[in-house]
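A.B. asks: Sequence below, structure please.
(one chain, ligands or ions: 1)
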Amino acid sequence: MRYRSTGGRAPLTSLRGAVLRGLAPDGGLYMPVEIARHTPEELEEFRRLPFTEVCFRVVRPFATPDVPEEMLWQIVAEAINFPVKLVSLSPALHVLELFHGPTLAFKDFGARFLARLMGYFVRGESRTLTVLVATSGDTGSAVAHGFLRVAGIRVVILYPSKRISEAQEKQFTTLGENITALEVSGTFDDCQRLVKQAFADEALNQRAFLTSANSINVGRLLPQMFYHVAAYRQLPVASVPLIVSVPSGNFGNLTAGIFAKRIGLPVARFIAATNANDAVPEYLRSGEYHPRPAVATYSNAMDVGNPNNFPRLLDLCRNRLENVRKEIWGHRATDAETLNQMSAVWDRYRYISDPHTAVGLLAWEAYRKEHPEPSQGLVLATAHPAKFAEIVEKGIGVGPPLPSRLAEYLERPKLSLPVSSNYEDFKQFLLAH
Ligand SMILES: *Cc1c(COP(=O)(O)O)cnc(C)c1O
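C.D. replies: Reported below is the predicted structural model:
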């Protein structure tokens, strides 16, 4: 498969080129030049074959010929070594639990796959590849764990000081080895700006071999199609139109959902479920896109003022507002609504949702009120409630059970380096280390 830039002014490249560069040279985001639909017969097979085989078949057209088939199989099998669970709260409402991976959040899919793919692509390189990541919470831990001890690669993670939970922070600042965490005095948008500036800095890129593992990297989006297939395999009734509610921040997850729809999976519509950082729901309502500085909320992994996958969404919808509206419906939730929703879902179903999933559940309910025709909702549960234990406890009155792998990290000392949000300082750091 060849990859093009949404900017339209960069040469086509291979998957290797797209994955190692991250951002295209014209500042655009890489997209596959085509997305082939699977036939209904092939989709039917997806329900029966082993999951690894299905994931392999889904990603193969995007990875050939760059990655030999045996290698691709190995990457898929090693990366997706945990289950996707569908929980039906009612006949018309399902929750897809994407948090059974090592860092208890859906980003494990993208990060584990990407780490192995990059590991393959840098074999034989003499220089060490530096992966730069800005995180508002969960990306950091997923990427750190995904890349831990991958040969030839070091990871530098930037995160906003005091704006993420202790559980999130401890998961990626305690690892050491090839993982360095920089604690930035600033917001997530500052972290994202530093990373973008580093990639745009030609002098720096001549001296350092840099790439990104943020959701701008197409290598993270491809494996996020897998769980849409997992849902399709497990849904009790496939004939009722499916509405997929996606708790969204940078909109990588929703972009991958549209990829999955384009390869043939039946999804009637997606819901862009956001917290107060609602640039996309606002765009769907007014037709105007106004990125803004991020504001802090309870669902902090979605505290993104300028979603970096927005150009991909537009591109997938041929840059037309009416197409975007057909594909996506938007909803924003306040913190108060999010807390209430956690409590309502607990009372009604005895189900504990984390704040991000609660935002998704709220959006589904709002959609349902405006669209009474028959449909079923699939809400992506993006994080384990234990990652946001304090907020969950505030919502439902009891703390969620703490999985042992999370408890272990809380005991370890934090190894991060405090830094300013000044670009020159950051550049000096990259050149010195
Ligand atoms: C990253 C994240 C999101 C947002 O996903 P995007 O792909 O950035 O839209 C939602 N929930 C959780 C728990 C996350 O970690």
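A.B. asks: For the stretch 1-150 of the chain, which residues are neighbours of the ligand?
C.D. replies: Counting by CB under 6 Å from any ligand atom, the stretch 1-150 of the chain comes close to the ligand at 105, 107, 137-138. For glycine as for every other residue, the C-beta is placed from the backbone atoms N, C-alpha and C.
A.B. asks: and which of the residues you listed is nearest to L380?
C.D. replies: A105 (11.1 Å; CB to CB).
A.B. asks: Please tell me how far the closest one sits from V184.
C.D. replies: Going from A105 to V184 by CB to CB, to the nearest Å gives 21 Å.
A.B. asks: Y232 now?
C.D. replies: 40 Å.
A.B. asks: what does H228 give?
C.D. replies: Using CB to CB, we find H228 at a distance of 33 Å from V184.
A.B. asks: now do E390
C.D. replies: Noted for E390: a distance of 23 Å to V184, by CB to CB.
A.B. asks: Those two: who's more crowded?
C.D. replies: V184 (26 against 12; other CB atoms under 10 Å).
A.B. asks: Look up the pLDDT of that one for me, please.
C.D. replies: Listed pLDDT for V184 reads 97.
A.B. asks: And the one 4 residues further on, by the same measure?
C.D. replies: Looking at F188, its pLDDT stands at 85.
A.B. asks: same thing with the one 5 residues further on?
C.D. replies: Among the per-residue scores, R193 shows a pLDDT of 94.
A.B. asks: which element is it on?
C.D. replies: helix 188-200 (DSSP states H and E).
A.B. asks: which secondary structure elements does that helix contact?
C.D. replies: If contacts are counted by 3 or more CB pairs under 8 Å, 6 or more residues apart in numbering; DSSP states H and E, helix 188-200 sits against strand 129-134, strand 153-160, strand 179-184, strand 210-212, helix 423-432.
A.B. asks: neighbours around the residue in the stretch 1-150 of the chain positioned nearest to the ligand, how many?
C.D. replies: Nearest residue of the stretch 1-150 of the chain to the ligand: D138, at 3.0 Å (CB to the nearest ligand atom). Residues contacting D138 under the criterion other CB under 10 Å number 29.
A.B. asks: same deal with P50?
C.D. replies: Neighbours of P50 (other CB under 10 Å): 8.
A.B. asks: what does the stretch 301-433 of the chain put close to the ligand?
C.D. replies: Residues of the stretch 301-433 of the chain lying near the ligand (CB under 6 Å from any ligand atom): 301-302, 356, 382-383.
A.B. asks: So of those, which two are at opposite extremes in space?
C.D. replies: The distance between the two most remote of these (CB to CB) is 10.2 Å, for M302 and A383.
A.B. asks: who's more crowded, those two?
C.D. replies: When M302 and A383 are compared on other CB under 10 Å, the one with more neighbours turns out to be M302, at 29 against 26.
A.B. asks: before we move on, back to that, now the residue of the stretch 1-150 of the chain closest to the ligand, what are its backbone angles?
C.D. replies: The phi and psi torsions at D138 (degrees, to the nearest 10) take the values phi -80, psi -20.
A.B. asks: That one reaches A105, doesn't it?
C.D. replies: Yes. Assessed by CB atoms under 8 Å, D138 is found in contact with A105 at 4.2 Å.
A.B. asks: that older thread, OK, contacts around the residue of the stretch 1-150 of the chain closest to the ligand?
C.D. replies: 103, 105-107, 168, 301, 382-383, 387 (CB atoms under 8 Å, 6 or more residues apart in numbering).
A.B. asks: Pull the most distant pair out of those residues.
C.D. replies: The distance between the two most remote of the contacts of D138 (CB to CB) is 13.9 Å, for F106 and Q168.
A.B. asks: mind checking how far A18 is from H228?
C.D. replies: A18 sits 21 Å away from H228, going by CB to CB.
A.B. asks: R368 now?
C.D. replies: Distance, R368 to H228, by CB to CB: 20 Å.
A.B. asks: higher neighbour count, the two?
C.D. replies: Remark: of R368 and H228, H228 carries more neighbours, 25 against 16, as counted by other CB under 10 Å.
A.B. asks: Can you tell me the number of residues neighbouring G399?
C.D. replies: 14.
A.B. asks: which stretch of helix or strand covers the residue lying closest to it once chain neighbours are set aside?
C.D. replies: Closest residue to G399 apart from its sequence neighbours, by CB to CB, 6 or more residues apart in numbering: E393 at 4.5 Å. Assigned by DSSP H and E, E393 falls within helix 389-396.
A.B. asks: could you say what helices and strands the next helix or strand after that helix packs with?
C.D. replies: For helix 389-396, the following helix or strand on the C-terminal side (DSSP H and E) is helix 404-411. Helices and strands touching helix 404-411, by 3+ CB pairs under 8 Å, 6+ apart, are helix 166-173.
A.B. asks: Alpha carbons of the helix it packs on, as CSV, please.
C.D. replies: Output of helix 166-173 as CSV, limited to C-alpha atoms (Å, rounded to 0.1, in the frame of the first residue of the first chain):
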residue,chain,number,x,y,z
GLU,A,166,-1.1,9.5,39.7
ALA,A,167,-2.0,6.1,38.4
GLN,A,168,-1.4,7.3,34.8
GLU,A,169,1.8,9.0,35.7
LYS,A,170,3.3,6.1,37.5
GLN,A,171,2.7,3.8,34.7
PHE,A,172,5.2,5.5,32.4
THR,A,173,7.5,7.4,34.6
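A.B. asks: quick one: contacts for S185?
C.D. replies: Counting by CB under 8 Å, 6+ apart, S185 touches 161, 418-421.
A.B. asks: Look up how far the ligand lies from it.
C.D. replies: Counting by CB to the nearest ligand atom, to the nearest Å, the separation of S185 from the ligand is 22 Å.
A.B. asks: Among the contacts of D138, which has the minimum pLDDT value?
C.D. replies: Q168 (83).
A.B. asks: if I pick that residue, what's in contact with it?
C.D. replies: With CB under 8 Å, 6+ apart, Q168 has these contacts: 137-138, 140-141, 301, 387.
A.B. asks: would CSV of the residues you listed with secondary structure be doable?
C.D. replies: As requested, these are exported to CSV (DSSP: H, G, I helix; E, B strand; the rest coil):
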residue, secondary structure
G137, coil
D138, helix
G140, helix
S141, helix
A301, helix
K387, helix
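A.B. asks: Check those and tell me the two furthest apart.
C.D. replies: G140 and K387 (12.1 Å).
A.B. asks: neighbour-wise, which of these two wins?
C.D. replies: With neighbours defined as other CB under 10 Å, G140 and K387 compare such that G140 has more, 31 against 28.
A.B. asks: so who does that one touch?
C.D. replies: Here G140 is in contact with 133, 157, 159, 164, 168, 171-172, 181 (CB under 8 Å, 6+ apart).
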